[in-house]
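Undergrad: Starting from these lines, generate the structure:
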Amino acid sequence: MSNGSGGATNGSHGAGAVQSVDRALSILETLARSGELGVTELAQRLDVHKSTAFRLVATLEGHGLVEQTEDRGKYRLGVGLLRLAGATTARLDVVQEARSICRKLAADTNETVNIAVLADHSALYLDQVAGSSALQSHNWVGQHIPLHATSNGKVLLSWLEPEEQTRVLGALPAYTTLTITKKGELRKELEKVRETGYALAVDELEVGLTAVAAPIRNAHGDVIASMSVSGPTFRLDEERLPRVIDLLVEAAVEVSHRLGWGHR
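TA: Residues are numbered from 1 along each chain as shown. Model (predicted):
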């Protein structure tokens with residue numbers, strides 16, 4: 001009996017949490033349409049008790065998503081939303097500015113080109129263009145990949161502050177016998193990436209897969225994304241890699257210039 005009762009309580013709590021999220025989003029949508037409203041008006045629009053509306057608004061205000069106007073009884077959308085929108089806009093800008101360059105790089109190398117960004121403890125693929133040699137290339141868009149075992153991940157790690165590197169790096173699991181699993185060794189690898197301006201991963205995530213990546217910078221010079229070329233290790237061999245790396249670095253710099261970095 002007690003187990004059944006506990007399950008019902010947990011279920012009710014979960015449903016209540018979802019309802020609160022739904023109501024909070026409704027407040028944001030209502031303020032987006034109406035501009036400024038008081039708690040009483042918001043309660044009426046949502047058909048909830050005034051105390052419930054006040055609690056939701058106070059939570060949103062704590063996160064900067066709404067703010068009080070000079071007329072202290074009214075609320076409007078807060079600048080915290082700009083921060084969230086800015087993060088999305090920055091990613092969209094990278095994809096839009098890089099797309100034509102990615103296509104050219106894929107055509108020039110005949111290999112797969114990816115754009116990735118740091119997403120907490122992993123790298124997130126935002127865009128992919130397959131070269132002519134990649135007959136049935138795996139679609140990585142929207143997928144998260146480990147930072148320590150990939151060229152994109154190494155680039156995204158390399159320009160972080162040491163404290164931030166430590167924060168995002170957890171355990172370093174082995175995917176192949178060549179995966180770097182010791183943090184000291186990885187830090188030496190990241191130093192090399194900063195010196196050379198590109199990262200290389202040969203058979204580290206998957207045996208037979210080689211990838212090289214270079215940083216994409218914004219107008220302030222911050223590394224906000226990475227661009228990679230990947231393909232079978234037998235094609236991206238020691239003889240061919242230098243040319244591919246030159247083309248990649250040139251392409252990543254071109255995207256960075258389009259985003260406002262440096263002077264041309």
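
Undergrad: Quick one: low-confidence residue ranges for the protein.
TA: For the chain, applying pLDDT under 70 flags the ranges 1-16, 71-72, 82-92, 134-140, 263-264.

Undergrad: what about the helices in it?
TA: 2-34, 39-46, 50-62, 80-109, 151-158, 162-168, 183-196, 241-258 (DSSP state H).

Undergrad: then the last one to PDB, C-alphas only?
TA: Same thing as helix 241-258. In PDB, the C-alpha atoms belonging to helix 241-258 read as follows (Å, rounded to 0.1, in the frame of the first residue of the first chain):
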ATOM      1  CA  LEU A 241      47.000  15.200 -44.300                       C
ATOM      2  CA  PRO A 242      49.300  18.300 -44.700                       C
ATOM      3  CA  ARG A 243      47.300  19.500 -47.700                       C
ATOM      4  CA  VAL A 244      44.000  18.800 -46.000                       C
ATOM      5  CA  ILE A 245      45.200  20.700 -42.900                       C
ATOM      6  CA  ASP A 246      46.200  23.700 -44.900                       C
ATOM      7  CA  LEU A 247      42.800  23.800 -46.600                       C
ATOM      8  CA  LEU A 248      41.000  23.400 -43.300                       C
ATOM      9  CA  VAL A 249      42.900  26.100 -41.400                       C
ATOM     10  CA  GLU A 250      42.300  28.500 -44.300                       C
ATOM     11  CA  ALA A 251      38.600  27.700 -44.300                       C
ATOM     12  CA  ALA A 252      38.300  28.100 -40.500                       C
ATOM     13  CA  VAL A 253      40.100  31.500 -40.700                       C
ATOM     14  CA  GLU A 254      37.700  32.600 -43.500                       C
ATOM     15  CA  VAL A 255      34.700  31.800 -41.300                       C
ATOM     16  CA  SER A 256      36.300  33.700 -38.400                       C
ATOM     17  CA  HIS A 257      36.800  36.700 -40.600                       C
ATOM     18  CA  ARG A 258      33.200  36.600 -41.700                       C
END
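
Undergrad: so who does residue 231 touch?
TA: Counting by Cβ atoms under 8 Å, 6 or more residues apart in numbering, residue 231 touches 109, 110, 111, 112, 131, 133, 134, 209, 210, 211. Where C-beta positions appear, they are placed from N, C-alpha and C, glycine not excepted.

Undergrad: neighbour-wise, which of those leads?
TA: residue 111 (29 neighbours; other Cβ atoms under 10 Å).

Undergrad: Now do the contacts for that residue.
TA: 131, 133, 134, 229, 230, 231, 235, 236, 244.

Undergrad: same question, residue 95
TA: Residue 95 is in contact with 115, 126, 127, counting by Cβ under 8 Å, 6+ apart.

Undergrad: thought the first one was touching residue 126?
TA: This points to residue 115. Yes - taking Cβ atoms under 8 Å as the definition, residue 115 is a contact partner of residue 126 at 4.8 Å.
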